[in-house]
Every structure is written in structure tokens, then in C-alpha cells.
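Undergrad: sequence and predicted model, in that order:
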Amino acid sequence: MIKRATGFNETFDRREKGTKATHYCPGCGHGIINKLIAEAMADLGIQDRTVFVSPVGCAAFCYYYFDCGNVAGPHGRASAIATGVSRALPGSVVISYQGDGDLGAIGFNNAFQAANRGEHFACFFVNNSIYAMTGGQMAPTTLIGQKTTTTPFGRDPVKEGYPLKVCEVLNQLQAPVYIERVSVADTKRIMQAKKAVRKALEIQRDGKGYAFVEFLSPCPTNWRMDPVTSAEFVTESMEKVFPLGCLRDRSAEHAPVPNQIPQLTLSQLFGEGREGKAAEVDPAFKEKSFKFSGFGGQGVLSLGLVIAEAAGLAGRFVSWLPSYGPEQRGGYASCSVVVSGHEVGSPTVDDPEVLVVMSQPAMEKYYHTVRPGGVMVYEASLPCPEPRDGVRVLAFPASKIAGESRTPKAANTAFLGALTAMGLHGLPEEHVLAALDASFAAKPKLVERNRKVYQTAFEWSTNNF
Amino acid sequence: MRKFVKGNEAVAIGAVYAGCEMYFGYPITPASDIAHAVAEYFPQLGREHLQAECETGAINMIFGAAAAGKLSMTASSGPGISLMQEGMSYLAGAQLPAVVVNVMRVGPGLGNIGPEQGDYNQAVKGGGHGNYHSLVLAPASVQEMCDLTMKAFELSFKYRNPAIVLADAVLGQMMEFLTFPEEMKVKPMTDGWAVHGDHETRCNLITSIYLDNELQERHNWALQEKYSAMQVEALAESYLLEDAEIVLTGYGTSARIARSAVDRLRDEGIKSGLLRPITLFPFPTEQLQRAALAGKILVVELSNGQYRDDLLLHLDRKIPCQVDLINRMGGNMMKVKDVVEKAKKMLREGSQ
């Protein structure tokens, strides 16, 4: 008498109230494989903590049968879902059950990458060399010459490639703990398959890592064979291409331990922050819009940031928006800063009131955008532009000042000093200096040097503008 | 606590305070800073960050984590979000909560990394296959990048439905002061439906398949009812609408530009106001219909008119209202002064 498999639901009510029959065709291997997994799950006492991820295809309905947590997702993605589940539930036993189209074709990369990461789940891969539920199309594992509904003249390796040997591919990876190919074509082979299933689940029970078992499995319906001939096809034809055996078993070794990352509390992580008071509405404050422009690496973005931070310390509303080219280094760079007495509207600055220019292309791009009544302060070593009505143009020797202070990279800080001296940002100097110092918090040596550049620039501007 | 941070960073900070436990993502400009911040924050807080092999992988890892009842999220942009659409449909079908952040870039195709709002229809109308909706929240400031990410988790779990934070390249890259949330949110209970890998949830099943037509239809109707019930969550900001003779409207970055235009129009003595949807699904229909009593609406958006089209659907057809559009694409932004001019033109033509 055939025993009812433990690990299955008593009756398959999700299929049909009270039924004990599965939906698999006569002679199909899935039923046997399902039973091996269910029994092993029950015998190992892991049923409560097992989560079964079903594929799309003939095994889409595994959740009818398995008495454990069940999750069913899109075609090919069971390994990705199993990754999510196993990382969400450390200590659980996760099973990803996938067919040859699911795992070998559409979802190969997800399965392969999960194996390469050594995800903690057991992947049961059912290879019947054909797409079954969708109507007998070619699978990646279809044998050469095998006729399917999409290879009616037989699989031609020149056109359709060769049968994909998934175990052998995964065996190139470092992380998997266990890889074995088995068959469910006859009793002897089923007994070996049973051991493999058990091994894969023990590895999960013990939290050791990734286990992969491939099952060669008959599909009489789509092969258009009777069950006996199908079993012979598995043993005589499929096994020649997909030899049975254990390719790897490292289950006796200790599971690798990830690097420990120091744990922090929220306040340790985010620090104290500058507690600066929230911005306050001040109708008397006239909104100011700035554009800082030049080449990447000249510090135009940082210059804008210091102004923005200072504005925040002063209780103003402020936005900072960068714009840069696709190059990682050396391309154009600019940022728009809006300082306001009320909530900032557009963070983009179409017509700046104050334009700082540190390169010739920036001059060409933005000089004409300065609004009437606005100011352009530009690096004095650049050619003098044509005058524009209503726009003040100031040549400022930022590079020279920074160079003479032996901090040539601080030309941006020199501009900051000039803007303060000219009253162009309208922010209290104490906040500007605090923001400047803070911008070098990671490099304390630069604080004093930048202060010096700032001071020199401030004095030069006071005397010359 | 206040800090000057990038919009993308604010999303990650919002995720932390929402109690998000798992992040799966794949790099793409201009959304990658979110992953950078999460990769730094999460492991130090004992939470999970994994760079997936692709966006399809990421969204299905989310599916797995959500099935296990975890607060999980991903962030991407245009092409990456397109790759996630199948997974979004499955999340909706299986009624799983998850947060997906789209920092919109320019499309179609590879487009460029500038700001655009061309993914409106994809986000608001479903995007994947089948009769479903995601909740869609549209931040317009760095503060909202944080706050609405938190809100997205809250709504997502309340309705067991995916929620999208629909931002754009400007909001992702810009910096403003962020007032940090006061405290961490309490984790929602999920025992009733999630699979926790324990005895209590052993009989739970997460799936979107209903082989029986009747059951599938019933499931679909139940989903539609749920989407209708979400209407109470509709949110919009009204700015100077009370006496407005023309209403400017837009969401996200466009709303910021429109707001500046409203200020300039007011400076010139022109009574204008702004209606800014904060939720795009559910759409703030009531708020729109009230605003539409002004008789003139100027839609400001960075797409070919996708938001405008949706707005037209939500207007009360019995009440006449002139609707016009000012829009840019390709990564360009409309200038405030052009919006102002367009609004004035509408008012002039109306008085003729």
C-alpha cells in the first residue's frame, strides 16, 4: 500500500474541496519530486519554518499540496523571490522549485546570481527537456534533434544552441554548498533522488547555504510517449547529455561567516546635526538667486553649498541645485542657489541676480542670463566681456589671491570673501564663516588656510570694488 | 535635528524612520544616491541592503521580502522602473505592500539623466498588466522626499498595495534643509497574511493566481473596491487659491516652478493660485473641482501632457473651465517668466 506522504495537506482544498488527487499528468515526474520534498520536510521537522516558492509552469500549483508557508510569483523569478524570503527570514528553510524554462531560460540570471551569492535556500530544478504547461515548446535543456512544438524539425544546435547543463555551469561558482543531478525515472534512481532532497534540506536546516538539485524528469504528455517509454527516454537519452551524480558536497564544512559591521543607534548614525532653527517666514527679506559656474573641480558646487548652509544658519529658506555634464571629472559644473524669506519655489535659477563665473564656457553660457540690476563676478584672468546694460560686471582675481596665499585650490573661497565684502549674499558673516569652517570639518588643516584666503579676498574687494 | 541633504538622501532617511527593513536595488542615474545612502545606513542598523543583479531581480526580491511581511523598498529611474512593471503587477495582484521610488529621468528609451515627468501614466495608471493601481505620492521638496517615503510605507501596509514615490531628477539631486522625523514608526502587524516561516503563518499563501474565472473576477472587483476606498487618502496643497482667477497646477518640480510663477503674478497684482497634488493616485478630485471654479487652469508639467490628460478626466464636466498646458521635455525646464506670460495670455484671451 502506498503511504500518504507527510508534509502534504490532508486534502488539496486549494485545488478542489476534498480532493486527494494532484493535477499532474499520469507518468509525470513532478508528483514524485513533490512527494520526496514533502516527506523530507516533515521527517526533518522543519515544516513550520519552511517557505516554499512555486514557479510558473506545471508546478505553479505546488501550493495546493505543500503544508507550509507558500509564495508564488512571476515566471522565472523564484530564485529572486527566495532570495528576498530567506534574507527576510533568517533561520527559515526556503525552497525554490523551478522548471527548465523558468530557471534555465527566462530566470537564468536570477538563479545563477543567487547561486553565486550562496543564498540560503534549496533550489530544486526540474529538467524535463521541454516547456510543458505552455504546450511543449523547446526548453534550454531540450536535446539535440528533439522535436518540440517550436522545433518541429528537431533542435538544431546551429540555430538553437546546445542543451544547457545547469549543474555544470553552477559548479564553476565558488559559493554553492551542494550540487547534484538525480533522476526520477525508476525506483533505484528515486531512492538516490530522495537522499539528495534530504541533503539539500538538511543544509537549509543547518543554515549552511545554497544547495542545488537537478531532477531529470519524464513528461509523457508533451513528449507524446507513454509513461514507460518516457522513463526509458530519461535513462537512455537524457542521462547521456545530463550525467547523474554529485558534483559537489561541502555540507560537512562550516558555513562561511559574513564580515561583522559595527552596529549603531539612529542618533549615532545621523549624528547631532546642526540644530539650526527652522526657517522663518520673513516678508522683508528679498529673495536672492545665485548661479555659481565653472569647470568641475573648481569648487563651484562647494561654494554654493557654503552659501546655502550659511543661509540655513541664518534661518532663511534655501535650495541648492547642481547641474553637471556626464563626465566624472573636468566637465562643466554649475549650481543654482535660492535664498528666500519664504518657501522656495523653483530651485532652478533662470536669471540669476548674482552670477559667479570661473571659466570661459560658463561666461558664455550664463553672462547673458543675469537679470537687469544683477551682478556678475568673474575670475579676472578670463577675457573681459562686452558690457551689458544694467548688469554690473566685476573682474575678481580669485586665482591670484588663492595662489598667493599658497592655497591655489581655494579660488572658490576667495569668491566667498568677495561676495561678503560686496554685500552680495546678504547673510551675516558669522554664519558664512561657520559654514565655511564646517565644510572643511573632515580636513581641519584647511580651515585656517581657507580663512586666510577668505580674509585676503575680503580686504582686496573692500579696497578695490 | 536639521541637516542640509540631497533629496535622494532624504528618501533613504525616510526609509530608515519608516522602519524599512530591506532594500533591493540596481544602480541607475539619477536614483543611485538612494542606494548609496541605504548601503551605508542599513547594515549599521542591522537591516538588509542588497545590490540585485537587475531590476527584475530587485523587484522580485522585494516580492519575497514583502511576502515575509517585511517593510521593503527599491528605487530606480525610467528604464529600471519599466523593467519592474511585471513585478509591480504581481505585487498588486498578490496584495503585497512595498515602496518603489521612481526618480524620473528623460525618456523614451535611454533618453538622458535630466528631469522629466514622462512616467506619470506608467505610475498612475498601473504600468504593468492587468486592472490594478499603485498608490502614487509626489514629493515636491527634500522634506517631502523623506516624509512621503514614510507615508508611502504607511499607506502601502494599510492597503496591502505597492506604493510609488514619484520624484524626478531635480528633487533627487537638489539639497534643502531636512527636519528629521521625531521617531521610528512602529512596525505594522502582518500575521494575518504574511508568511513568517513559523507555525502561526504556516497556512498563509501569497499568490496572484486564480484559475477559476469567477474567483479571479471576484478578486478583481475586490481590488477595484480597495482602489476606490483609497480615495480618502487624496492629498493636495492649495496655495493662494481663495481668490484666484487663474489656477496653476503641477506636481513635483513643476509645482515648484508654478509656485514661483504664482508669486510673480501676485507681485504684479494678478490673482493666481497653485493646486499641487501630493497624491496622484488617489487623485485629489475634490480639491481640483473646487479649484476649477476659478474657470481657468494652467497645467505646468515636464511631459507631453500626461498629468493634464488625467486632470481633464477628473474635472466636473458640468462646470466650464479652460485648461491650458505649458510643458517642456528632454531635460529642459520651463522658465518661470514663460509660465507667467502664459498665464497672463490666458487671462487676456478670456476677457476678450
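TA: Cool, got the structure.
Undergrad: centroid-wise, who is the farthest residue in chain A?
TA: Here the centre of chain A is the reference, and by C-alpha atoms, centre = their mean the most remote residue is A:Asn463, at 54.7 Å.
Undergrad: so it versus B:Val106, what's the distance?
TA: Per C-beta to C-beta, to the nearest Å, A:Asn463 is found 48 Å from B:Val106. Glycine gets a C-beta too; all of them are placed from N, C-alpha and C.
Undergrad: repeat that for B:Ser141.
TA: With distances defined as C-beta to C-beta, the gap from B:Ser141 to B:Val106 amounts to 22 Å.
Undergrad: check contacts around the closest residue to chain B within the stretch 1-150 of chain A.
TA: Distance from chain B to each residue of the stretch 1-150 of chain A (C-beta to the nearest C-beta) is smallest for A:Gly84, at 2.4 Å. By C-beta atoms under 8 Å, 6 or more residues apart in numbering or on different chains, the contact list for A:Gly84 reads B:Met22, B:Phe24, B:Asn60, B:Met61, B:Ile62, B:Phe63, B:Gly64, B:Ala65, B:Ala66, B:Ala67, B:Ala68, B:Ser72.
Undergrad: mind telling me what element the residue farthest from the centre of chain A is part of?
TA: helix A:445-464 (DSSP states H and E).
Undergrad: contact partners of that helix?
TA: Outside helix A:445-464, the residues touching it (C-beta under 8 Å, 6+ apart) are A:396-398, A:401-402, A:404-407, A:410, A:413-418, A:420-422, A:433, A:436-437, A:440.
Undergrad: give me the phi and psi angles of A:Phe292.
TA: In terms of degrees, to the nearest 10, the main-chain angles of A:Phe292 are phi -110, psi 130.
Undergrad: surely it touches A:Val356?
TA: Yes. With contact taken as C-beta atoms under 8 Å, A:Phe292 and A:Val356 are classed as touching, separated by 4.7 Å.
Undergrad: show me how chain A divides into domains.
TA: Residue ranges for the structural domains of chain A, counted by automatic domain parsing, are given in the record as A:30-249, A:279-464.
Undergrad: could you dump those domains to a markdown table with mean pLDDT?
TA: Putting those into a markdown table (pLDDT from 0 to 100) gives the following:
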| stretch | mean pLDDT |
| --- | --- |
| domain A:30-249 | 97 |
| domain A:279-464 | 94 |
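Undergrad: closest one to B:Val300 among these?
TA: Of all the domains of chain A, the one in closest proximity to B:Val300, counting by C-beta to C-beta, is domain A:279-464 (10.3 Å).
Undergrad: which parts of the stretch 201-350 of chain B sit against chain A?
TA: Proximity of the stretch 201-350 of chain B to chain A is confined to B:201-202, B:204-209, B:253, B:256-263, B:333, B:335-337 under the rule C-beta under 8 Å from any C-beta of the partner chain.
Undergrad: just the stretch 1-150 of chain B next, same as before
TA: Within the stretch 1-150 of chain B, the residues that sit near chain A (C-beta under 8 Å from any C-beta) are B:1-4, B:13, B:16-17, B:21-22, B:24, B:41, B:43-46, B:48, B:50, B:52-54, B:56-58, B:60-70, B:72, B:86-87, B:90, B:94, B:113.
Undergrad: how many neighbours does residue 350 have?
TA: Going with chain A. Taking other C-beta atoms under 10 Å in any protein chain shown as the criterion, the count of residues near A:Asp350 is 18.
Undergrad: hmm, I had chain B in mind actually
TA: In terms of burial, B:Gly350 registers 12 neighbours under the definition other C-beta under 10 Å.
Undergrad: what does B:Asn121 give?
TA: When counting by other C-beta under 10 Å, one arrives at 15 neighbours for B:Asn121.
Undergrad: quick one: contacts for it?
TA: Remark: with contacts taken as C-beta under 8 Å, 6+ apart, B:Asn121 is in contact with B:Gly127, B:Gln306, B:Asp310.
Undergrad: now swap in B:Val100 and tell me
TA: Counting by C-beta under 8 Å, 6+ apart, B:Val100 has contacts B:59, B:62, B:73-76, B:81, B:84, B:88, B:134, B:162-165.
Undergrad: which of the residues you listed count as buried?
TA: Among those, those classed as buried by neighbour count (16 or more other C-beta atoms under 10 Å in any protein chain shown) are B:59, B:62, B:73-76, B:81, B:84, B:88, B:134, B:162-165.
Undergrad: of these, which is the nearest to chain A?
TA: Ranked by distance to chain A (C-beta to the nearest C-beta), these are led by B:Ile62 at 6.3 Å.
Undergrad: ok so, going back, what subset of the contacts of helix A:445-464 is buried?
TA: If you count burial by 16+ other C-beta under 10 Å, the buried members of those come out as A:396-398, A:401-402, A:405, A:407, A:410, A:413-418, A:420-422, A:433, A:436-437, A:440.
Undergrad: what helix or strand is residue 146 on?
TA: No chain in the question, so chain A it is. When elements are defined using DSSP H and E, A:Gln146 is found to belong to no helix and no strand.
Undergrad: ah, no, chain B please
TA: In the assignment (DSSP H and E), B:Cys146 maps to helix B:142-159.
Undergrad: and that helix, what does it pack against?
TA: helix B:7-18, strand B:98-104, strand B:135-137, strand B:162-168, helix B:169-173, strand B:175-179 (3 or more C-beta pairs under 8 Å, 6 or more residues apart in numbering or on different chains; DSSP states H and E).
Undergrad: distance from the chain centre to the longest one, please.
TA: Chain-centre distance of helix B:7-18: 15 Å, with C-alpha atoms, centre = their mean, to the nearest Å.
Undergrad: tell me the residues of the stretch 1-150 of chain A that contact chain B?
TA: Proximity of the stretch 1-150 of chain A to chain B is assessed by C-beta under 8 Å from any C-beta, with A:14, A:47-51, A:53-54, A:60, A:63, A:67-74, A:77, A:80-89, A:91-94, A:109-110, A:113 identified as the residues in range.
Undergrad: recalculate using a threshold of 7 Å.
TA: Listed as neighbours of chain B in the stretch 1-150 of chain A under the rule C-beta under 7 Å from any C-beta of the partner chain: A:48-49, A:51, A:60, A:63, A:68-74, A:77, A:80-85, A:87-89, A:92, A:109-110, A:113.
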